[in-house]
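Visitor: coords below, sequence missing:
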Ligand code: TYD
């Protein structure tokens with residue numbers, strides 16, 4: 001039975017830990033689980049990831065940025081995700097199109113309708129069955145960052161302030177998208193313990209697997 005699960009959430013939300021626990025859990029249930037990530041997840045996608053993450057690419061236009069993320073996604077969907085789903089497997093993806101709506105739409109404030117068209121084209125209109133958003137207050141995320149970097153005391157500089165506003169818009173965007181499509185989204189407080197977060201994920205997956213297997217007969 002095919003199932004497409006995506007994870008969204010900021011750095012420091014425990015996303016990677018929850019993704020591997022979830023993949024392990026589904027594997028133990030006997031599913032054929034494929035774990036992948038964005039940007040990247042394919043040979044071509046990894047090359048695009050290098051361009052996107054290169055800190056010297058400071059002149060990158062936001063439109064170029066969104067097209068690069070979308071190009072990586074198009075390759076991942078066509079080469080990796082769709083074939084695995086068509087073979088009846090489960091795909092767990094670290095970030096997907098909702099990252100584009102959150103970061104390039106709400107964060108960079110690019111035209112939403114354009115993003116929807118580009119995304120539908122890039123993904124062949126493939127949407128996740130479940131999207132798990134690990135929610136963390138922007139300030140808490142920042143604090144985690146600051147305490148990880150022991151030099152980070154005192155006032156935030158201008159860029160940090162800009163980054164805070166940007167990340168506030170991103171978070172509000174995620175919450176708004178989750179409210180608009182509650183049947184797809186599961187929002188979890190990332191400050192909860194690893195076990196509690198995983199418990200909530202399993203409960204939701206259990207529901208979804210139940211629903212899907214009933215539908216399959
Ligand atoms: P990454 O290093 O993969 O880390 P993480 O997922 O743990 O945050 O960073 C991916 C970055 O790219 C992250 O800051 C979100 C951003 N991003 C976008 O802005 N748009 C997108 O469409 C995607 C997939 C990611």
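Guide: The structure has been received and is ready for your questions. Given the structure is predicted, the values throughout are model-derived calculations rather than measurements. Numbers count the residues shown, from 1 in each chain.

Visitor: got the contact list for the residue lying closest to residue 86 once chain neighbours are set aside?
Guide: Taking CB to CB, 6 or more residues apart in numbering as the measure, residue 86 lies nearest to residue 2, with 7.4 Å between them; neighbours along the chain are not counted. In short, each C-beta sits where N, CA and C put it, glycine included. Taking CB atoms under 8 Å, 6 or more residues apart in numbering as the contact definition, residue 2 lies against 84-91.

Visitor: So residue 39 lies in a strand, does it not?
Guide: No. Counting by DSSP: H, G, I helix; E, B strand; the rest coil, residue 39 is not part of a strand but coil.

Visitor: if we can go back for a sec, using CSV, lay out the contacts of residue 2 together with distance to residue 141.
Guide: Shown next, in CSV, are the contacts of residue 2 (distance: CB to CB, whole Å):
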residue, distance to residue 141
84, 32
85, 32
86, 37
87, 37
88, 37
89, 33
90, 29
91, 27
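
Visitor: Among these, name the ones in helices.
Guide: In this view, the contacts of residue 2 that belong to helices under DSSP state H are 84-86.

Visitor: quick check, nearest of those residues to residue 17?
Guide: residue 84 (22.8 Å; CB to CB).

Visitor: now the closest one: how far from the ligand?
Guide: When distance is defined by CB to the nearest ligand atom, to the nearest Å, residue 84 is 19 Å away from the ligand.

Visitor: do the same with residue 40
Guide: Summarising the geometry, the distance separating residue 40 from the ligand, computed by CB to the nearest ligand atom, is 8 Å.

Visitor: Excluding sequence neighbours, find me the nearest residue to that residue.
Guide: Ranked by CB to CB, 6+ apart and with sequence neighbours excluded, the top spatial neighbour of residue 40 is residue 49, at 4.1 Å.

Visitor: Can you list the buried residues in the host helix or strand of the one you found?
Guide: Secondary-structure element containing residue 49, defined by DSSP states H and E: helix 43-53. When neighbours are counted by 16 or more other CB atoms under 10 Å, the buried residues of helix 43-53 are found to be 45, 48-49, 52.
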